[in-house]
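Enquirer: Give the three-dimensional model of this entry:
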Amino acid sequence: MTRKERYKFILDYFKEISPEVTTELEFGSAFQLLVATLLSAQCTDKRINQVTPALFARYPDAPSMAQATAEDIFTYVRSVSYPNSKSKHLVEMAQMLVRDFDGEVPDNTTDLVKLPGVGRKTANVVQAVWYGKAKIAVDTHVYRVSHRLGLVSQKSNTPLKVELDLMKYIPEADVSSAHHWLLLHGRYICQSLRPKCEKCPFEAICPKLMNFSKLG
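Expert: Got it, this is the predicted structure:
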């Protein structure tokens, strides 16, 4: 099976069983999506969805959060990973949005990654989910699944290299969905420590059963 055939097999499966897919994060605006995505780094979406309702009720937009202090934000996000740094980033991010972008979330990578706490992964999530752009965010799940399923070469040893590899083979119309397909597969099936191979629809073509060098 060539790499191109592998992509087609896997993408066709996902399109059949889950044609409509999006993030499990809960939000009501581009700003809230940005906040939730930033908070979700090294934390579960389930946990983020538990803390954001109260946070968004108090600080629904950039202007309101820009008036807060890091200590104010901390009281709402204390249960997420790295709450101190994330609280600081959220306030600084909101202040920059108000100061430099009229309180609106930018729709491009160049401006998004200028925001405190926002890296390429978060920028791609916002662009794909809110703005409908063909962007794929490589988190730990996407990185792991891409390697385990033989979608990228072993030389793709950084998130950016994985992203560029995936973009070569995934049709533009499927790119934003592919992020969620791979992420959810990694979250619920191809887990890090105990992958549920017996439930995996790709078990028969998983590279662990064959030589990686045979992937064209």
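Enquirer: Determine the set of other helices and strands touching the host helix or strand of Gly186.
Expert: In this structure, Gly186 is located in helix 175-188 according to DSSP states H and E. Helices and strands touching helix 175-188, by 3 or more CB pairs under 8 Å, 6 or more residues apart in numbering; DSSP states H and E, are helix 3-17, helix 120-129, helix 140-148, helix 159-169. The way it works is simple: take the backbone N, C-alpha and C, and place the C-beta from them, glycine included.
Enquirer: Name the residues of the shortest one that come out as buried.
Expert: Residues of helix 140-148 classed as buried: 141-148 (neighbour count, 16 or more other CB atoms under 10 Å).
Enquirer: What of stretch 65-83?
Expert: 65-66, 68, 70, 73-74, 76-77, 80, 83.
Enquirer: Return the distance of the longest helix seen in the chain from the chain's centre.
Expert: For the chain, the longest helix by residue count, based on DSSP state H, is helix 83-101. On the basis of CA atoms, centre = their mean, to the nearest Å, the separation between the geometric centre of helix 83-101 and that of its chain is 20 Å.
Enquirer: Show me which of the buried residues of helix 140-148 is closest to Val125.
Expert: Of all the buried residues of helix 140-148, the one with the least separation from Val125 (CB to CB) is Val142, at 10.9 Å.
Enquirer: The nearest residue to that closest one once chain neighbours are set aside: neighbouring residues, count only.
Expert: Distance criterion CB to CB, 6 or more residues apart in numbering; nearest residue to Val142, sequence neighbours excluded, is Leu182 at 4.6 Å. The criterion is other CB atoms under 10 Å. On that basis, Leu182 has 28 neighbouring residues.
Enquirer: can you list the weak-confidence ranges in the protein?
Expert: Along the chain, the model assigns pLDDT under 70 to residues 209-216.
Enquirer: Using the record's assignment, carve it into domains.
Expert: Domain assignment for the chain, taken from the TED database, gives 30-131, 136-205.
Enquirer: Quote the end-to-end distance of the longest one.
Expert: With CA to CA, to the nearest Å as the measure, domain 30-131 spans 9 Å from end to end.
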